[in-house]
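J.: here's my sequence, what's the structure:
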Amino acid sequence: MDDTSATITIISRFRAVPASSSILVSPGTVVEPDTPVARVETLLGKLWRVNVARDLRIPPQTAPTRLAVRPGESVSAGDPVAVGGAFFNRLVSRSPVDGVLALVSKNRGIVYVREKVETGSSDGPVEVPVADMLGVPPLAMMVYKAEGAAVGLVAVRGQVLARRGKTMVTAPVYGRITNLSTVKGTITLKPLFRTQTISAYMKGVVTRIDPAEGVEVSGRATVIRCIWGLGGESHGPIRVLSGDLTEESQLEEGSVVVANGTATYEALLHASESGVKGVILGWLRSGVAMRFAGGMKNMGVTGDEPVPFPVILTEGFLPQPMRDGVLRTLTASQGLMCSLNGSTHIRAGVVRPEILIYPD
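T.: I've put the predicted structure just below:
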């Protein structure tokens, strides 16, 4: 793979965001790799069908010309998604839920709204004091508990967990019910998702914003494309080792470690304990990679593994040191900030892991 050039070029990366996100930057904003560019506050759930042609009494093929919102834009329950009719006989087709206009069927005159699911915000288990909120003894909670409030089931934010007369107790987060305590009169939920931010990933300037699609960031960097990787995105200053990464290697917290050779499983654990942000190796045995990733089954599609940092291989799984050009570029970049992404898709729509090195 021809990635040995140390040429600094202008590059752009598009940070795609769900339609339910809030953009946090503007064109011209200077960003670092960890600068938040968007905040995801909701998930997208059930798809609702809205028969625009029927509501407006028009031929299905003309429905796209009557839309009041564009695909990808947000709507609230009751908002118009399409309008028609004469001035004194205005016809409106409305959204049944809070959501995002997802699809438009030109042949059937139907639009589809993807419902928004509020997640709530919590980093850990949430214990809901159901009995106290209902004013009953802890054991009596089970009498008023809703049918859908059972251990193992998922509750969306706002779902009723228990009801006594006009008093209702609802789920404060979108999560899985993990415990019903008749001793304390509580229901515990483990959040499945939480409010999260999407970072710029690279150092540069925001050059384009599409509220429905995402944010483009552009900047100057040297790009090295590699053979295989795992884990998602990270960044940090480059620290080059001589030889292999071992359990005795002196590692700097927050750095991206480069080793010309390979590493053992124990060496990768040592890197994790040392707090490094990424590891770039010449090669790594596939068995070690699979073990570090927790027993992954598909090595052809990576990026979401539960690993503490990305691991990127410049050559692959067979014993082979880094090519001279790649090693020279990384060695000459000692101390410089870099971004890295271990995501790899071997099959259709090939995606290779990359390293972006920024000039001082």
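
J.: that's a helix at L269, yeah?
T.: Yes: under DSSP: H, G, I helix; E, B strand; the rest coil, L269 falls within a helix.

J.: how many other residues sit next to it?
T.: 14 (other Cβ atoms under 10 Å). In short, each C-beta sits where N, CA and C put it, glycine included.

J.: what sits closest to H270 if chain neighbours are left out?
T.: Spatial nearest neighbour of H270, excluding adjacent residues (Cβ to Cβ, 6 or more residues apart in numbering): E247 at 4.8 Å.

J.: wait, the one you found sits on L268?
T.: No: distance between E247 and L268: 9.7 Å, which falls outside the contact criterion (Cβ atoms under 8 Å).

J.: so for those two, which residues contact both of them?
T.: Taking Cβ atoms under 8 Å, 6 or more residues apart in numbering as the criterion, E247 and L268 do not both touch any residue.

J.: out of the two, which sits in the more crowded spot?
T.: Legend: neighbour count by other Cβ under 10 Å for E247 and L268, higher for L268 (24 against 13).

J.: need the contact list for the closest residue to the more buried one other than its chain neighbours.
T.: Excluding its sequence neighbours, the residue lying closest to L268 (Cβ to Cβ, 6+ apart) is F292, at 5.1 Å. Shown in contact with F292 (Cβ under 8 Å, 6+ apart): 230, 265, 268, 307, 311.

J.: what does G109 give?
T.: Contacts of G109 were listed using Cβ under 8 Å, 6+ apart, and they are 51-54, 58-63.

J.: once you drop chain neighbours, what's closest to it?
T.: Excluding the flanking residues, the one nearest G109 by Cβ to Cβ, 6+ apart is A53, at 2.6 Å.

J.: double-check that that neighbour belongs to a strand.
T.: No: looking at A53 with three-state DSSP, it is helix, so not inside a strand.

J.: could you look up the SS state of the residue nearest to H270?
T.: coil.

J.: now do the helices in this structure.
T.: 52-56, 130-134, 141-144, 265-274, 286-292, 324-332 (DSSP state H).

J.: which residues does V169 bridge with?
T.: In this structure, V169 bridges to A162 when assessed by DSSP bridges.

J.: shouldn't it be in contact with L134?
T.: Yes: counting by Cβ under 8 Å, V169 does reach L134; the two are 6.5 Å apart.

J.: can you list residues touching both of these two?
T.: Contact criterion Cβ under 8 Å, 6+ apart; residues shared by V169 and L134: A162.

J.: does anything pack onto the helix or strand of the chain with the lowest mean pLDDT? Which helices or strands?
T.: The weakest-scoring helix or strand in the chain, judged by mean pLDDT, DSSP states H and E, is strand 42-51 (a mean of 81). With contacts taken as 3 or more Cβ pairs under 8 Å, 6 or more residues apart in numbering; DSSP states H and E, strand 42-51 sits against strand 89-94, strand 99-105, strand 110-118.

J.: and these as CSV, adding mean pLDDT?
T.: Formatted as CSV, those follow (pLDDT from 0 to 100):
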stretch, mean pLDDT
strand 89-94, 91
strand 99-105, 87
strand 110-118, 84
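
J.: and T222, which of these is closest to it?
T.: Evaluated with Cβ to Cβ, the helices and strands packed on strand 42-51 place strand 99-105 nearest to T222, the distance being 38.1 Å.

J.: burial measure for the residue nearest to V154 when sequence neighbours are not counted, as a count.
T.: Of all residues not flanking V154 in the chain, R176 sits nearest, at 5.2 Å (Cβ to Cβ, 6+ apart). R176: 15 surrounding residues under other Cβ under 10 Å.

J.: also R54?
T.: The local packing of R54 (other Cβ under 10 Å) involves 13 other residues.

J.: please apply the same query to E354.
T.: 22.

J.: gap between it and G335?
T.: Distance, E354 to G335, by Cβ to Cβ, to the nearest Å: 20 Å.

J.: S272 too?
T.: Taking Cβ to Cβ, one finds S272 at 22 Å from G335.

J.: neighbour count for the two, which is higher?
T.: Legend: neighbour count by other Cβ under 10 Å for S272 and G335, higher for S272 (15 against 10).

J.: from F309, how far out is the more buried one?
T.: Counting by Cβ to Cβ, the gap from S272 to F309 is 7 Å.

J.: what do you get for V30?
T.: On the measure of Cβ to Cβ, V30 and F309 end up 26 Å apart.

J.: kindly report the same for L241.
T.: Note on L241: its distance to F309, by Cβ to Cβ, is 15 Å.

J.: between those two, which one's more packed in?
T.: Between L241 and F309, counted using other Cβ under 10 Å, F309 has the larger neighbour count: 22 against 18.

J.: center of this protein, which residue is that?
T.: By Cα atoms, centre = their mean, the mean C-alpha position of the chain lies nearest to I198, the distance being 7.2 Å.

J.: show me what contacts that one?
T.: Taking Cβ under 8 Å, 6+ apart, we find I198 in contact with 15, 17, 21, 36-40, 215.
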